[in-house]
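Colleague: Attaching a predicted model along with its sequence, questions to come.
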Amino acid sequence: MEDKYSPDDMKNLWQNQRVEHVPISLDDIYRKAQELQKEITRRTLIGIGCVVAEIVAFGLFVLMFPNVLQRIGSGLTIAGMLYWMYQIYNKRTGDMPFGRGHETCINFLRRDLQRQREFHEGLSFWLRAVTILPGPVLFAVGFAIADPSVAGYIRLFISCFVALTILAIPLNLRKARKYQRQIDELDRLEMQS
Amino acid sequence: MGETPRVPSGKPSQNDLYRQAGIAFGAALERLARAYELDPDKRRDLLQEIHLALWRSCDAFDARCSLRTWVYRVAHNTAASHVIRQRRTNSRMVSLEEVENATDGKDLELSADRHQALDRLLSVIQILNPLDRQVILSYLEGIDAASIGEITGLSAQAVATKIHRIKNILTRRFHERGRHGR
């Protein structure tokens, strides 16, 4: 069998293809907007619920445990979780689909890549690492001081926790470099003259 | 495809503008959704998402660009978001250069049948990275190079280079090889 399509034929073929027509009314749009809002609310509530549960748990630890390090560790863990929650919320509201028509596709893609690069490399990444590390470590050290019989397990926990955090750094930086290469390519395409 | 007129002063309402865009570009948006999503259910969702983004964006339309450019930017940006979200489950995306240099495989079996030719075209489009996909779709919709530059933000030379590559790919995959036989 022989193909007979030139690039111009492909245009005609593409434009005259039979596509399943999906009628979309304004009511459908309003419904979709409501569904989307409900989904966002649901996710936000789940996120808040998890953070609240953790705040309650570590808040109780602050009250229950006599060891100062455990109390400080609990407080820092709460602070770290609140900061993570803030970052996730901030990241989500950073996307503004309403303005998408003002933005060329290349700018839109670059903004998304920059956001992802920042997540893996920028200030937000280091702040996440700094805020999440001390709380659980101090809490665990306090636990070991309060109950020396579990010190071995605590040492193992702290070693794994710190090792995983340290391992996350080069992995995140590698991802950030990958995004930067894509940004550079977009810049190159935009600047070509 | 002719350029739609810029919306004159006396801004139409958000709903009116959305209806106008829907009438003029509804079919093109359906084709665009097909090029971004193979799964029919997900495609329907994507199309609704595009329409929702378009309706929302109509409130911010200020006629600094044509309605066509605006609609395609919103549609491509929304669809690109969809692709980026799905990227983790999708196979690797490639550039036009890689497709141009690749040897034709079994998945690109030739046939004169229109339906299969379209499927084959879609199989090429759907492995492309978002930006190259935007250019090839705009080209297939008959949009001129200057307007493709306005939609995507690519320089005129970059658009010209990409269109040249697209033509090469289409010629090689849908014409020459068939003419010379397998």
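Modeller: Yep, it's here. Numbers count the residues shown, from 1 in each chain, chains lettered A, B, ... in the order given.
Colleague: What are the boundaries of the strands in chain B?
Modeller: Here chain B has no strands by DSSP state E.
Colleague: domains of it?
Modeller: Recorded structural domains for chain B (assignment: automatic domain parsing) are B:14-86, B:96-180.
Colleague: Which of the ones you listed sits closest to chain A?
Modeller: Closest approach to chain A among these (C-beta to the nearest C-beta): domain B:96-180, 2.8 Å. Quick note: C-beta positions are derived from backbone N, CA and C, even for glycine.
Colleague: which regions of chain A sit below the pLDDT cut-off?
Modeller: For chain A, applying pLDDT under 70 flags the ranges A:1-5, A:91-100, A:192-193.
Colleague: Please repeat the previous calculation with a cut-off of 50.
Modeller: Residue ranges of chain A with pLDDT under 50: A:1-2, A:94, A:193.
Colleague: Equivalent analysis for chain B, please.
Modeller: Ranges of chain B meeting pLDDT under 50: B:1-3, B:5, B:7-8, B:103, B:105-111, B:177-178, B:180-182.
Colleague: Tell me the buried residues in the longest helix along it?
Modeller: Longest among the helix segments of chain B by residue count, using DSSP state H, is helix B:14-36. Within helix B:14-36, the residues that qualify as buried are B:14, B:17-22, B:25-36, counting by 16 or more other C-beta atoms under 10 Å in any protein chain shown.
Colleague: same check, this time on stretch B:48-63
Modeller: By 16+ other C-beta under 10 Å, the buried positions in stretch B:48-63 come out as B:48-58, B:61.
Colleague: Report whether it contacts chain A.
Modeller: Yes: contact between stretch B:48-63 and chain A, assessed by C-beta under 8 Å from any C-beta of the partner chain, occurs at B:48-49, B:51-53, B:55-57, B:59-61.
Colleague: and A:Ile24, what element?
Modeller: Assignment of secondary structure by DSSP states H and E places A:Ile24 within no helix or strand.
Colleague: ok, for it, nearest residue in space, not its chain neighbours?
Modeller: Using C-beta to C-beta, 6 or more residues apart in numbering or on different chains and skipping residues adjacent in sequence, the residue nearest A:Ile24 is B:His51, 4.9 Å away.
Colleague: what sits against the one you found?
Modeller: A:24, A:28-29, A:32, B:22, B:29 (C-beta atoms under 8 Å, 6 or more residues apart in numbering or on different chains).
Colleague: so what's the residue positioned nearest the centre of chain B closest to, chain neighbours aside?
Modeller: Nearest residue to the geometric centre of chain B (C-alpha atoms, centre = their mean): B:Leu137, 3.0 Å. With sequence-adjacent residues excluded and distances taken as C-beta to C-beta, 6+ apart, B:Leu137 is closest to B:Ala35, at 5.4 Å.
Colleague: Measure how buried A:Arg174 is and give me the count.
Modeller: By other C-beta atoms under 10 Å in any protein chain shown, 11 other residues sit near A:Arg174.
Colleague: what separates it from chain B, distance-wise?
Modeller: With the distance defined as C-beta to the nearest C-beta, to the nearest Å, A:Arg174 ends up 17 Å from chain B.
Colleague: helix or strand for that residue, which one?
Modeller: Counting by DSSP H and E, the element that carries A:Arg174 is helix A:151-191.
Colleague: any idea where the helices of chain A begin and end?
Modeller: For chain A, the helices defined by DSSP H cover A:7-15, A:26-64, A:68-93, A:105-121, A:123-132, A:134-146, A:151-191.
Colleague: quick one: which of those helices is nearest B:Gln116?
Modeller: Nearest to B:Gln116, of all the helices of chain A, is helix A:7-15, at 11.0 Å by C-beta to C-beta.
Colleague: As PDB, could you dump the C-alpha coordinates of the closest one?
Modeller: Extracted in PDB, the C-alpha atoms of helix A:7-15 (Å, rounded to 0.1, in the frame of the first residue of the first chain):
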ATOM      1  CA  PRO A   7       2.500  18.000   4.400                       C
ATOM      2  CA  ASP A   8      -0.300  20.000   3.000                       C
ATOM      3  CA  ASP A   9      -2.500  16.900   2.700                       C
ATOM      4  CA  MET A  10      -1.800  16.200   6.300                       C
ATOM      5  CA  LYS A  11      -3.100  19.600   7.200                       C
ATOM      6  CA  ASN A  12      -6.400  18.900   5.400                       C
ATOM      7  CA  LEU A  13      -6.500  15.400   7.000                       C
ATOM      8  CA  TRP A  14      -6.000  16.900  10.400                       C
ATOM      9  CA  GLN A  15      -8.500  19.700  10.000                       C
END
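Colleague: mind checking how far stretch B:123-132 is from the chain centre?
Modeller: Chain-centre distance of stretch B:123-132: 9 Å, with C-alpha atoms, centre = their mean, to the nearest Å.
Colleague: meant to ask about stretch A:74-90, not that
Modeller: Its chain's C-alpha centre and that of stretch A:74-90 lie 13 Å apart, by C-alpha atoms, centre = their mean.
Colleague: buried set for it?
Modeller: If you call a residue buried by 16+ other C-beta under 10 Å, then stretch A:74-90 has these buried ones: A:74-81, A:83-85, A:87.
Colleague: Can you say which two of these are spatially most distant?
Modeller: Spatial extent of these (C-beta to C-beta) is set by the pair A:Ser74 and A:Gln87 at 20.7 Å.
Colleague: of the contacts of B:His51, closest to A:Thr131?
Modeller: Within these, distances to A:Thr131 taken as C-beta to C-beta reach their minimum at A:Lys32, with 36.7 Å.
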